[in-house]
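**Q** Quick one, structure for this:
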Amino acid sequence: MQNIPFVPKAQEYIAEKGFTLEDIGKEYFKPVVNRAYQRILDAILKGSTKSRLDDLDVELLSYPVSIAILAFIKDLRLASRFAIAEARRIGLELRREHENKILEIARSISWDVHLVNYVIRDELYTFAIHFKDYLSAPPPNDPFWKLINRPLINGYVLIRKQDLARLIEEYARHYIYNKIASTESVRLPETLSDIVSKIADTWYKKYPREREEAYGGGVFPPCMRKLMEEIKRGQNISHMARFAIATFLLNIGYDVEEVIDLFRRVPDFNERITRYQVEHLAGLRGSKIKYLPPSCKNMKTFGLCPGEDPLCLKVRNPLGYYRLSMRRRKKDEQ
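**A** Numbers count the residues shown, from 1 in each chain. All right, here's what the predicted structure looks like:
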């Protein structure tokens with residue numbers, strides 16, 4: 001059975017077990033709770049999780065327990081982190097699956113998908129997905145996924161195996177995040193208090209609330225606040241948006257590791273590629289030139305300006321906004 005929470009077979013299997021929140025606190029349920037803890041911990045520390053199918057009951061039941069724990073903690077940043085990590089696991093596993101298995105999973109979420117065999121410009125397309133289902137899934141703000149850039153035949157978008165896996169991954173991210181966010185407050189057994197405390201301590205140590213929320217205090221320009229919010233929600237922002245936020249942060253004092261850690265939240269995070277690119281922007285590779293963020297004019301050209309505030313009218317680039325607002329804040333604090 002595929003370890004994918006939204007697949008009907010997995011949902012039916014979990015429902016048949018008929019466990020309740022009271023079961024979570026019992027001794028015989030401890031392996032499930034420990035596995036749920038490990039899944040969340042891996043999401044926090046590694047940005048990814050891995051299936052452990054040596055005990056299928058433990059693996060599948062640990063998912064709803066993870067959801068319950070995260071719903072109890074009620075930190076949407078952590079919910080997003082977990083959703084991204086689990087979705088990334090699903091995406092990686094699907095890329096290794098046979099086409100028929102991926103097709104089965106896609107159809108299980110009511111997508112109109114078919115196996116095909118088209119070769120266009122030396123590119124093999126093995127799936128066709130109805131454009132309505134395609135538009136419900138692609139990662140935002142990336143020209144690669146825009147419908148105008150995709151082969152379209154009789155209302156169906158032609159895609160490759162890895163593309164369909166990526167679309168299901170994006171669907172999974174939304175599904176898991178919404179499941180946590182929409183779950184009403186739960187009362188966990190007292191026996192889980194230590195595990196909940198460990199998770200919260202680990203999370204806030206790695207992502208302090210103060211640093212995470214600093215950009216919302218008016219010091220960051222509106223464009224950079226918006227990009228930070230999108231990354232915080234786990235959105236897959238465009239390459240130019242990544243360039244803009246990375247260069248901005250590097251120029252206001254963030255180090256390479258902090259910027260890389262920020263990008264762990266985006267669904268298609270690849271540490272090797274991200275590290276190379278961030279180090280290049282920081283002037284540690286290649287030409288050894290430290291890049292500056294785009295000007296306000298270029299931010300508008302690339303659709304990255306959400307709208308100006310009065311301070312924007314006094315500057316020509318995001319760094320100017322940040323420096324001016326910092327001077328004003330220090331003056332107000334004197």
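
**Q** count of residues packed around residue 252?
**A** 16 (other CB atoms under 10 Å). In this view, the C-beta of every residue, glycine as well, is placed from N, C-alpha and C.

**Q** any chance you could read off phi and psi for it?
**A** phi -110, psi 10 (degrees, to the nearest 10).

**Q** so what's it closest to, chain neighbours aside?
**A** Closest residue in space to residue 252, ignoring its immediate chain neighbours: residue 322 at 5.7 Å, by CB to CB, 6 or more residues apart in numbering.

**Q** What is the burial count for the one you found?
**A** 21.

**Q** Can you classify it by secondary structure?
**A** helix (DSSP: H, G, I helix; E, B strand; the rest coil).

**Q** Might one say that it is in contact with residue 222?
**A** No: contact criterion CB atoms under 8 Å: residue 322 and residue 222 do not qualify, at 11.5 Å.

**Q** Touching both of the two, which residues are there?
**A** Common contacts of residue 322 and residue 222 (CB atoms under 8 Å, 6 or more residues apart in numbering): none found.

**Q** shaky segments in this structure?
**A** Counting by pLDDT under 70, the low-confidence segments of the chain come to 1-2, 140-142, 185, 207-218, 330, 332-334.

**Q** Quick check, central residue of it?
**A** residue 234 (3.3 Å; CA atoms, centre = their mean).

**Q** Would you confirm that that residue contacts residue 82?
**A** No: between residue 234 and residue 82 there is no contact under CB under 8 Å: 9.7 Å.

**Q** Report all helices and strands that the helix or strand where residue 225 lies contacts.
**A** Element membership for residue 225 (DSSP states H and E) is helix 222-232. On a contact count with 3 or more CB pairs under 8 Å, 6 or more residues apart in numbering; DSSP states H and E, helix 222-232 meets helix 239-251, helix 318-333.

**Q** for that helix, which positions count as buried?
**A** 222, 223, 224, 225, 226, 227, 228, 230, 231, 232 (16 or more other CB atoms under 10 Å).

**Q** how about the strands in the stretch 151-300 of the chain?
**A** Counting by DSSP state E, counting those that start in this stretch, the stretch 151-300 of the chain has strands at residues 152-153, 156-159.

**Q** Of all these, which one is nearest residue 242?
**A** strand 156-159 (23.3 Å; CB to CB).

**Q** before we move on, back to that, for the residue nearest to residue 252, give me its contacts.
**A** Counting by CB under 8 Å, 6+ apart, residue 322 touches 219, 220, 221, 224, 248, 252.

**Q** wait, isn't residue 284 in contact with residue 257?
**A** No: the pair residue 284 / residue 257 is not scored as a contact, 11.9 Å apart, by CB under 8 Å.

**Q** okay, these two: which has more neighbours?
**A** residue 284 (13 against 10).

**Q** number of nearby residues for residue 17?
**A** Residue 17 has 12 neighbours, counted by other CB under 10 Å.

**Q** swap that for residue 146, please
**A** There are 11 residues near residue 146, going by other CB under 10 Å.

**Q** Please list all residues in contact with it.
**A** Residue 146 touches residue 138, counting by CB under 8 Å, 6+ apart.

**Q** Can you list phi and psi of it for me?
**A** Dihedral angles (degrees, to the nearest 10) for residue 146: phi -60, psi 140.

**Q** Columns distance to residue 40 on top of the buried residues of helix 222-232, output as a markdown table?
**A** Below are the buried residues of helix 222-232 laid out as a markdown table (distance: CB to CB, whole Å):
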| residue | distance to residue 40 |
| --- | --- |
| 222 | 33 |
| 223 | 32 |
| 224 | 29 |
| 225 | 28 |
| 226 | 28 |
| 227 | 26 |
| 228 | 23 |
| 230 | 23 |
| 231 | 20 |
| 232 | 18 |
